[in-house]
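[1] Provided below are the primary sequence and the corresponding predicted coordinates.
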Amino acid sequence: MTGTTGPAGTTGAGSVRRGRGRPSRRETEAAPATRDRILEAAREEFSERGYEKTSVRGIAKAAGVDSALVHHYFGTKEQVFEAAIALAVAPALSAPDALAEGPRDTVGERLTRFFFGVWENPVTRAPLLAIVRSAVNNDTAAAVFRKLLVAQLLRRISGQLGLPDAELRAELAAAQLVGVAMLRYVIKVEPVASADMEQLVARLAPVVQGHMTNP
């Protein structure tokens, strides 16, 4: 008789029992939408709780899926964090393209304006806050952030400069911008937090320019 349950909880020939910890066929068939939902939930959880207090189980609950499905698509919490970061920083990773569009003597202003343009946009600001808050408080999250920042952004920028110590120059410029972003968007120190963006660009662009191109 098909579909009957045999000894010790086994099933008959007409049904296939799903192993513990494995997602169901229905769950895996909805892969693209489910994966996006998990990433969205992960960004929100990391933003609200930070890396330390966020768990795979919490992400799964927020996404409305089983935690096994989170592991199925992404693996460990670190890998979920890295996937969420990669998607969140995608707009910022086009910075090298922005740098290429114009003369070298305006690279500082273009990079500064581009960087704060990403932060000022509410859509891209929320995931960036999650990344920065997590990286500040956790070594694992910081390592993931560094890998993406250095490998995908800073080295691409330094490669376009064609100057000695190009990678160091790019990192110093990034330190200047990220430091101000921390004060403005994370710690919210006044008057930096409420300063006009054009004022920030006017103050910071020459410093960034100096790091990037001065002898």
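    Great, that's in hand.
[2] make it CA atoms for all contacts and neighbour counts henceforth
    Fine.
[3] C-terminal to the worst-scoring helix or strand of the chain on mean pLDDT, what's the next element?
    When the helices and strands of the chain are scored by mean pLDDT, DSSP states H and E, helix 25-29 comes last with a mean of 48. Under the assignment DSSP states H and E, the closest C-terminal helix or strand after helix 25-29 is helix 31-53.
[4] what's that following helix packed up against?
    helix 56-63, helix 77-88, helix 122-137 (3 or more C-alpha pairs under 8 Å, 6 or more residues apart in numbering; DSSP states H and E).
[5] and Arg146, what's its pLDDT?
    As predicted, Arg146 sits at a pLDDT of 77.
[6] that should have said Gly3, apologies.
    45.
[7] need the pLDDT of the most centrally placed residue in the chain.
    Among the residues of the chain, the one closest to the centroid is Ile85, at 1.7 Å (C-alpha atoms, centre = their mean). According to the prediction, Ile85 has pLDDT 77.
[8] what count of nearby residues applies to the closest residue to it other than its chain neighbours?
    Nearest non-adjacent residue to Ile85, counting by C-alpha to C-alpha, 6 or more residues apart in numbering: Ile131, 6.6 Å away. Other residues near Ile131 number 26, with proximity taken as other C-alpha atoms under 10 Å.
[9] my guess is Ile85 contacts Val132. True?
    No: Ile85 is not in contact with Val132 according to C-alpha atoms under 8 Å; the separation is 10.0 Å.
[10] and Val186, how far is that from Phe74?
    To Phe74, Val186 is 28 Å away according to C-alpha to C-alpha, to the nearest Å.
[11] then Thr140?
    Applying C-alpha to C-alpha to Thr140 and Phe74 gives a distance of 16 Å.
[12] still on that earlier bit, got CSV for the helices and strands packed on helix 31-53, with distance to Leu177 too?
    Below are those laid out as CSV (distance: least, C-alpha to C-alpha, whole Å):
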stretch, distance to Leu177
helix 56-63, 31
helix 77-88, 18
helix 122-137, 13
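[13] least reliable of these going by mean pLDDT?
    helix 122-137 - the lowest mean pLDDT of these, at a mean of 77.
[14] can you name the residues in contact with it?
    43-44, 46-48, 50-52, 85, 88-89, 91, 118-119, 141-143, 145, 182, 185-186 (C-alpha atoms under 8 Å, 6 or more residues apart in numbering).
[15] report the buried members of those residues.
    Using 16 or more other C-alpha atoms under 10 Å as the burial test, the contacts of helix 122-137 include 43-44, 46-48, 50-51, 85, 88-89, 118-119, 141-142, 145, 182, 185 as buried.
[16] and Asp165, backbone torsions?
    Reported as degrees, to the nearest 10, the phi and psi values for Asp165 are phi 60, psi 40.
[17] ugh, wrong one, I meant Pro164
    When quoted as degrees, to the nearest 10, the phi and psi of Pro164 stand at phi -60, psi 150.
[18] burial check on it, number of neighbours?
    Neighbour number of Pro164 under other C-alpha under 10 Å is 11.
[19] please report how far it lies from Glu101.
    21 Å.
[20] how much space separates Val207 from Thr213?
    10 Å.
[21] swap that for Pro32, sorry
    43 Å.
[22] one more: Val178?
    Distance from Val178 to Thr213, by C-alpha to C-alpha: 19 Å.
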